[in-house]
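**Q** have a look; sequence and predicted model below, questions after that.
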Amino acid sequence: MSDKKASNQMWGGRFASGPAAIMEAINASISFDRKLYAQDIRGSIAHSEMLAQTGIISAADQEKIAHGLNTILAEIEAGSFEFSTRLEDIHMNVEARLAELIGAAAGRLHTARSRNDQVAVDLRLWVKDECFRVAEALKGLIAAFLERAEEHAATVMPGFTHMQAAQPVTFGHHCMAYVEMFSRDLSRVRDAIERMDQSPLGAAALAGTSFPIDRHQTAKALGFREPMRNSLDSVSDRDFAMEFLGLAAICATHLSRLAEEIIIWSTPQFGFVRLSDSFSTGSSIMPQKKNPDAAELVRGKTGRVTGHLVGLLTVMKGMPLTYGKDMQEDKESVFDAAETLDLMLAAMTGMVRDMTVNAAAMKKAAGAGYSTATDLADWLVRTLGLPFREAHHVTGRAVALAEEKKLGLDRLPLEDLQSIHPGITADVFSVLAVQNSVKSRTSFGGTAPSEVRKQIRYWKKHIAKA
Ligand code: ARG
């Protein structure tokens, strides 16, 4: 008796009413799975139509069921539906209300079905819809980048490795690098849609059913390509959710890299871009400041999306076939990652469209740090026939001399260059200016404005078809 009292105290004040309240609190998912209401009702209507067509329930009952479900849909959308935690989840909340509305016929809806295949089909429908939203948002971001790239196909900026200015590139080329990244994200979304386009409905609890159901019919009615082939896999598979989180985490990582660049570029030290007031904030104490909050939040929110991926992978790891209640933990990760990613994509598209590019600052920085040293080495190879290793060595000495004289490479007097290698002629200056350096990189995928324009044309054509 004293033991019992002690353990009750340990459960704490929130659960004063004992184990039943704790069970309800840990078991209920209605606070978050209510988000699936539309998919749940759609799935139930398709299921009931199939039950009627196969003669498992009567047409009259099916009509009542469909009418009741549509009433519930309207109630939920109007905000008048009363969700109950006692009824655990969206499936039981809807079914209980259906019984209130239409009476006994409601009890026939769950024939040849289980909440296991029901929840699997609901979440798949939701994730598939979200994938289409992400695809549209990605297309919007890519379109924004294509516009900026076109505008800045010939705008010179430093290209970096190790965060050190390496060789001059164009801002258009840099934008097109992101187009490549986000197009890969888009193709990952498409691949994922393709794989998740199968219906688990009709797997019932796990083993299928003895009723003469038609899984092809429900699959088609719900817009799936076909039913899943194995009933055990149907109720235990959450690959579609993991894949969505995987592609979301990769996409968020790309957005975070871009956010980081925007943050660096918008510092007064770089001054490459200026964010408009709509995507930055001032400081309450330092009047000179303009903070890139939206970019910082994109960078920060990436942690959340990746966290959700790791969260679900960890939930699924070690799950024996088939369904286990652990899998109820799939939804919050998916919902929050989706909401977060949608917002990140929208904010980033806004920033890309909105930022002002300071071409003069970019050009100045492009010329700093002996960024055309490789061009000098290439010139020595091309014009004087030097082996590249020797040309590299000669160039190193030219850079050292320029550094000593505090001059840019293109400002070093010809005699100085000739003192390092007598074969050098005035022609070398044609490659030492950043604009010429950039123009000369015409290899496939290179930074020459002519190449960048080719890349833009390629993507305009292919994105249009996407
Ligand atoms: N709320 C549950 C979930 O999200 C629905 C499936 C429950 N199935 C069961 N056999 N208890 O996973």
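**A** All right, it came through fine.
**Q** next, residue 382: phi, psi?
**A** The phi/psi pair for residue 382 (degrees, to the nearest 10) reads phi -70, psi -50.
**Q** and it, what pLDDT?
**A** pLDDT, residue 382: 94.
**Q** likewise for residue 4?
**A** 42.
**Q** oh, and call the first residue 51 from now on, that's how I've got it
**A** New numbering, starting at 51: the last item is residue 54.
**Q** can you tell me which residues contact residue 101?
**A** 107, 112, 158-159, 161-162, 263 (Cβ atoms under 8 Å, 6 or more residues apart in numbering). Glycine gets a C-beta too; all of them are placed from N, C-alpha and C.
**Q** quick check: longest helix of this structure.
**A** In the chain, taking DSSP state H as the definition, the longest helix is helix 165-201.
**Q** gap between that helix and the chain center?
**A** Distance, stretch centre to chain centre, for helix 165-201: 8 Å (Cα atoms, centre = their mean, to the nearest Å).
**Q** so which elements touch that helix?
**A** Secondary-structure packing of helix 165-201 (3 or more Cβ pairs under 8 Å, 6 or more residues apart in numbering; DSSP states H and E): helix 87-103, helix 140-152, helix 221-246, helix 281-286, helix 289-315, helix 380-404, helix 499-515.
**Q** now mean pLDDT too, for those helices, in TSV please.
**A** Output for the helices and strands packed on helix 165-201, formatted as TSV (pLDDT from 0 to 100):
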stretch	mean pLDDT
helix 87-103	98
helix 140-152	98
helix 221-246	98
helix 281-286	98
helix 289-315	98
helix 380-404	98
helix 499-515	93
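**Q** mind putting those helices into a markdown table with distance to the ligand?
**A** Formatted as a markdown table, the helices and strands packed on helix 165-201 follow (distance: least, Cβ to the nearest ligand atom, whole Å):
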| stretch | distance to the ligand |
| --- | --- |
| helix 87-103 | 10 |
| helix 140-152 | 6 |
| helix 221-246 | 17 |
| helix 281-286 | 9 |
| helix 289-315 | 11 |
| helix 380-404 | 6 |
| helix 499-515 | 37 |
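**Q** thinking again about what came up before, the longest helix of the chain relative to helix 221-246, how many degrees between them?
**A** Orientation of helix 165-201 against helix 221-246 (axes from the mean of the first three to the mean of the last three Cα atoms, to 10 degrees) gives an angle of 160 degrees.
**Q** what's in contact with the helix or strand that comes right after helix 165-201?
**A** Toward the C-terminus, helix 165-201 is succeeded by strand 206-211 as the next helix or strand (DSSP states H and E). Strand 206-211 is contacted by residues 215-221, 223-224, 322, 409, 412-413, 415-416, 418-419, 421, 484-485, 488, 497 when judged by Cβ under 8 Å, 6+ apart.
**Q** which ones among those lie within strands?
**A** Here DSSP state E is the test, and the contacts of strand 206-211 give 215-220 as lying in strands.
**Q** quick one on the thing from earlier: buried stuff in the longest helix of the chain?
**A** 165-178, 180-181, 184-185, 187-196, 198-200 (16 or more other Cβ atoms under 10 Å).
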